[in-house]
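Visitor: only geometry, no sequence info:
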């Protein structure tokens, strides 16, 4: 067997299985997938996993919660489009003036991110932390929960998922995708019912 054939065989043996997932150092998840290119030829490659889409597909969140998370994610991407997102929850400009690290066109998106975080309890809250890391930075729920958690305190994946679901519910109401459930009024009491 030639060296060229040996190298090709070694590469083929190292090829991941379709559907295999890996957590990158930044905490985001990638999955090995097979898709077609423009010429309808199969191409195997890694694709980032969309946590919110997975949660919607498995019924963990509603469409309104997914849409709210996507809006937050888009605002986050616009706010930090220059790649200046801090891995800490301190990368947002305060007040109405944009920070020095933001260009003017991103200041509105940064304000929208800050206001959304305030609507769920602030950047220091569990919900704010979940939105920042999972919806904003694209970290997996598992990785955020175990590695970072809330205020540096690790938690189980189930606890982290619960916090993210609650955060997305509050965010959906804040953005107007979902109305807050109103308590039902009791039926009116008739005069004759009271006298009996």
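Guide: Happy to help now that I have it. Given the structure is predicted, the values throughout are model-derived calculations rather than measurements. Numbering: from 1, shown residues only.
Visitor: now for the lengthiest helix in the chain, which elements pack on it?
Guide: Ranked by number of residues, the top helix in the chain under DSSP state H is helix 157-175. Under the contact definition 3 or more Cβ pairs under 8 Å, 6 or more residues apart in numbering; DSSP states H and E, helix 157-175 sits against helix 51-57, helix 63-79, helix 104-119, helix 126-130, helix 141-143. Quick note: C-beta positions are derived from backbone N, CA and C, even for glycine.
Visitor: what's the neighbour count on residue 159?
Guide: Counted with other Cβ atoms under 10 Å, the neighbours of residue 159 add up to 15.
Visitor: now it: how far from residue 119?
Guide: 22 Å (Cβ to Cβ, to the nearest Å).
Visitor: low-confidence ranges in the chain?
Guide: 1, 6-13, 26-28, 81-105, 180-196 (pLDDT under 70).
Visitor: same thing but 90
Guide: For the chain, residues meeting the criterion pLDDT under 90 lie at 1-51, 53-54, 57-58, 74, 77-110, 123-124, 137-154, 157, 178-196.
Visitor: how is it partitioned into domains?
Guide: 16-48, 51-175 (automatic domain parsing).
Visitor: give me the residue at the spatial middle of the protein.
Guide: residue 135 (2.1 Å; Cα atoms, centre = their mean).
Visitor: how much space separates residue 64 from residue 113?
Guide: 19 Å.
Visitor: compare these two and say which one has the larger neighbour count.
Guide: Neighbour count, other Cβ under 10 Å: between residue 64 and residue 113, residue 113 has more, with 27 against 18.
Visitor: which residues touch the more buried one?
Guide: For residue 113, the contact set (Cβ atoms under 8 Å, 6 or more residues apart in numbering) comprises 72, 75-76, 79, 92, 136.
Visitor: thank you kindly, that will do.
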